[in-house]
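[1] I would like to see how this sequence folds:
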Amino acid sequence: MRCGGGEHLDSRIVGRNDVVNTGVPVMSSLKTDGVELYFELHGEGPPVVFIHGASGTHLSWWQQIARMRHDFTCLI
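    Residues are numbered from 1 along each chain as shown. Got it, this is the predicted structure:
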C-alpha cells in the first residue's frame with residue numbers, strides 16, 4: 001500500500017500479522033509523522049472503517065464488529 005510521501009505503508013507497521021483470514025483479529029500499530037496509531041482488522045470482505053469520537057476507543061465498536069466481520073473487513 002502506498003502513502004502520500006511515496007513510502008510503502010507496510011514498512012511503517014509495527015507488530016504486523018499477515019494472517020488476516022484465520023478469524024483472529026490483526027492488532028498492530030502504524031508509525032507516521034512521529035505518531036503511533038493502534039488499529040485492528042477483523043473479518044474479510046469489502047473494507048469498512050470505524051472512527052470513534054474524541055473520548056472513545058476501539059472498544060466503542062465491539063457490537064458492530066461482532067456482526068459485520070462476517071461480511072466485511074473492519075478497520076478500527
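[2] residue boundaries of the strands in this protein?
    With strands called from DSSP state E, the chain shows them at 13-14, 26-32, 35-42, 47-49, 73-75.
[3] Neighbours of the closest residue to L37 other than its chain neighbours, how many?
    Spatial nearest neighbour of L37, excluding adjacent residues (CB to CB, 6 or more residues apart in numbering): L30 at 4.8 Å. Where you see a C-beta, it was placed from the backbone N, CA and C, and this is true even at glycine. By other CB atoms under 10 Å, 16 other residues sit near L30.
[4] now do Y38
    Neighbours of Y38 (other CB under 10 Å): 13.
[5] Identify the residue spatially nearest to it, adjacent ones excluded.
    Closest to Y38 by CB to CB, 6+ apart is S29, at 5.0 Å.
[6] I figured the one you found hits V35, correct?
    No. The criterion here is CB atoms under 8 Å, and S29 misses it with V35 at 9.8 Å.
[7] Could you list the low-pLDDT ranges of this protein?
    In the predicted model of the chain, residues 1-25 satisfy pLDDT under 70.
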